[in-house]
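Q: fold the following, please.
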Amino acid sequence: MPASSHGPAWLSHGWQLNTNISVRTGFPFTVRASSDTSGTGENTTRAVQVADPFDGVDHTVTAGQSVPWINRTAFVNPTSGSYGTVARNSVYGPGYASVDLSVFKAIPLQNQLRAQLRLEMFNIFNRVNLAQPGSRVGGGLGRIGDTIGDSRGSPGIGPGEPFNMQLALKILF
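A: Modelled structure (predicted):
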């Protein structure tokens, strides 16, 4: 096999580099009362905002603990027989960002038979992508206990997972 100026053809040819960058802002949500204070029976009464929801909040992620996204004391239930004053979708949850990278090497075998060696890396900067916070006044308001797509606790390659890598050999015919 003749060598090219960049090395043997089987080593220097057939490489492919791919990347996927996904970035978005957080989704809006509405803070709701913990019960149907309006008496409509729909249980969609909004809360009353009494302070800045981001005042004194630290979004630091600590393993095994939920993340406080908004100040829980910034919202209260409206008085019985009344509606809340929080605007619809006025608070935003955490954003999302992930960079995936893959390297493929095509390997000709014979005639139409080829192999492809694949190295795929997901979330290469190991960014923590949090799920939406709880949106009801009370116990879970503003707390985040999971990453995106991890509410069932199933590890693997997905949108909320930490850095992951897989190696595969694909046969093409």
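Q: could you use CA atoms for every contact and neighbour count after this?
A: Noted.
Q: can you pull the buried residues of the longest strand seen in the chain?
A: Ranked by residue count, the top strand of the chain under DSSP state E comes out as strand 96-110. Neighbour-count burial for strand 96-110 flags 96-102, 104-107 (criterion: 16 or more other C-alpha atoms under 10 Å).
Q: what's the answer for stretch 26-35, then?
A: For stretch 26-35, a neighbour-count test (16+ other C-alpha under 10 Å) marks 29-35 as buried.
Q: render the CA-only coordinates of that stretch in CSV, please.
A: Output of stretch 26-35 as CSV, limited to C-alpha atoms (Å, rounded to 0.1, in the frame of the first residue of the first chain):
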residue,chain,number,x,y,z
GLY,A,26,-35.1,28.3,30.7
PHE,A,27,-38.8,27.6,30.2
PRO,A,28,-41.3,30.0,31.9
PHE,A,29,-43.6,28.8,34.6
THR,A,30,-46.4,30.2,36.7
VAL,A,31,-46.3,30.0,40.5
ARG,A,32,-49.6,28.6,41.7
ALA,A,33,-51.3,28.6,45.1
SER,A,34,-51.2,25.4,47.1
SER,A,35,-55.0,25.1,47.1
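Q: show me where the protein has strands.
A: Ranges of strands in the chain, per DSSP E, are 3-4, 7-8, 15-24, 28-29, 48-49, 67-68, 75-76, 91-92, 96-110, 113-122, 143-144, 164-172.
Q: list the strands paired with the fifth one, with their directions.
A: When sheet partners are counted by DSSP bridges, strand 48-49 sits next to strand 75-76 (antiparallel).
Q: do the same with the longest one
A: Applying DSSP bridges to the sheet, strand 96-110 is found paired with strand 15-24 (antiparallel), strand 113-122 (antiparallel).
Q: which one of the buried residues of stretch 26-35 is nearest E161?
A: Ranked by distance to E161 (C-alpha to C-alpha), the buried residues of stretch 26-35 are led by F29 at 23.0 Å.
Q: thought the closest one was touching Y92?
A: Yes - the pair F29 / Y92 is scored as a contact, 6.1 Å apart, by C-alpha atoms under 8 Å.
Q: give me the common contacts of these two.
A: Counting by C-alpha atoms under 8 Å, 6 or more residues apart in numbering, F29 and Y92 have no shared contacts at all.
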